[in-house]
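starting from these lines, generate the structure:
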Amino acid sequence: MTAGAFRSGVTGGRGETRARRLVRTLLPLVAVAVVGTGCATKRDIRDMRGDLGRMEARQDSIYQLLQQQNRAILDSLTVTTRQLLNVRGDLANQLGQLKEQLEQVGQLTGQVQVRLNQLDQQLTEAVRAVGTSGVTGGGGGGAAPAGGGAAAFDEARELYEIGVEQINRGNAMSARRAFQMVVDSFPTAEQAPEAQRQIGESYAMERNYDEATRAFDRVVERWQDSDAAPLALYRAGVIAQERGNVDRARQYFRRVISGYPNSDARGLAEEALRRLGG
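You can find the predicted model right below:
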């Protein structure tokens, strides 16, 4: 039903006319009937006219009330319609904006991937440049390359710094490649234990926590007396705790406290152990 039909159905101009016509028709008929009985007086007829007039006035008030309600309903429908149109317009605008944002994200993702490829290529070239200066690969023997001396360990430091730069940029894979070169080619270099620990951190950045834990364990296995060992154990404990393995986390923290009482990581381990309830 349309708003116009609704207004017509409620106010009903023709219905109102019929009702009033009915009242006016009934009035003389009732008067005649009463007179015909021989019992009516002028006062009875006057009272009857008053009653019918009050009925008509009451009917008029009802019609006015219905008209007011009709207007209120129509106004409410108008407001609701406008709100729906506004909502539809807002949704259309939001969908358009979302589409544009998705397109921009796609473009940025492509640009980031290109940049990552460039950084990876730069790292590869840097590693190749270091390798051509005399690195022959000493991973199997556990010593610096023959004849390398201090120059070889300078190359280890250079590789390590490249890895740190890449991990600070969030390039976990490129950083891990540089650190792995230090570990494999210069296992006796000063930077080797910390490079191994950073390999664990690079895996943690990628949320590959199994590989991260294995990398941290390898620090203690190969360089037990290094400064990187207690921090690697602590980080392995933190990962175990975050994954809900409380017992294993406690074991790692206790190894730090008992095995490295003078290390900076001991205080961190003790605090973590207290939070876990010993």
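
just checking, next helix/strand downstream of the strand or helix carrying Tyr160?
Element membership for Tyr160, per DSSP states H and E: helix 149-168. As assigned by DSSP H and E, the chain's next helix or strand after helix 149-168 is helix 172-185.

which strands or helices does that next one pack on?
helix 42-131, helix 149-168, helix 192-205 (3 or more C-beta pairs under 8 Å, 6 or more residues apart in numbering; DSSP states H and E). Where C-beta positions appear, they are placed from N, C-alpha and C, glycine not excepted.

what's the angle from that helix to helix 149-168?
For helix 172-185 against helix 149-168, the angle by axes from the mean of the first three to the mean of the last three C-alpha atoms, to 10 degrees is 160 degrees.

and the angle from helix 172-185 to helix 192-205?
Computed by the same axes, to 10 degrees, the angle separating helix 172-185 from helix 192-205 equals 150 degrees.

next up, phi/psi of Trp223, please.
With angles defined as degrees, to the nearest 10, Trp223 sits at phi -130, psi 60.

what score does it have for pLDDT?
Note for Trp223: predicted pLDDT of 97.

how close does it sit to Ala269?
Per C-beta to C-beta, to the nearest Å, Trp223 is found 18 Å from Ala269.

and the helices and strands packed on helix 172-185, which is most packed in?
helix 192-205 (a mean of 24; mean count of other C-beta atoms under 10 Å).

buried residues in whichever helix or strand comes after that one?
Under the assignment DSSP H and E, the closest C-terminal helix or strand after helix 192-205 is helix 209-222. Across helix 209-222, burial judged by 16 or more other C-beta atoms under 10 Å covers Tyr209, Ala212, Thr213, Ala215, Phe216, Asp217, Arg218, Val219, Val220.

name the nearest of these relative to Thr41.
Among the buried residues of helix 209-222, Tyr209 lies closest to Thr41 (C-beta to C-beta), at 106.7 Å.

measure Tyr234 to Asp264 for me?
Taking C-beta to C-beta, one finds Tyr234 at 9 Å from Asp264.

between the two, which is the more surrounded one?
Tyr234 (25 against 11; other C-beta atoms under 10 Å).

the strand or helix carrying that one vs helix 209-222, what angle?
Using DSSP H and E, Tyr234 sits within helix 228-242. Using the same axes, to 10 degrees, one finds that helix 228-242 and helix 209-222 are set 150 degrees apart in direction.
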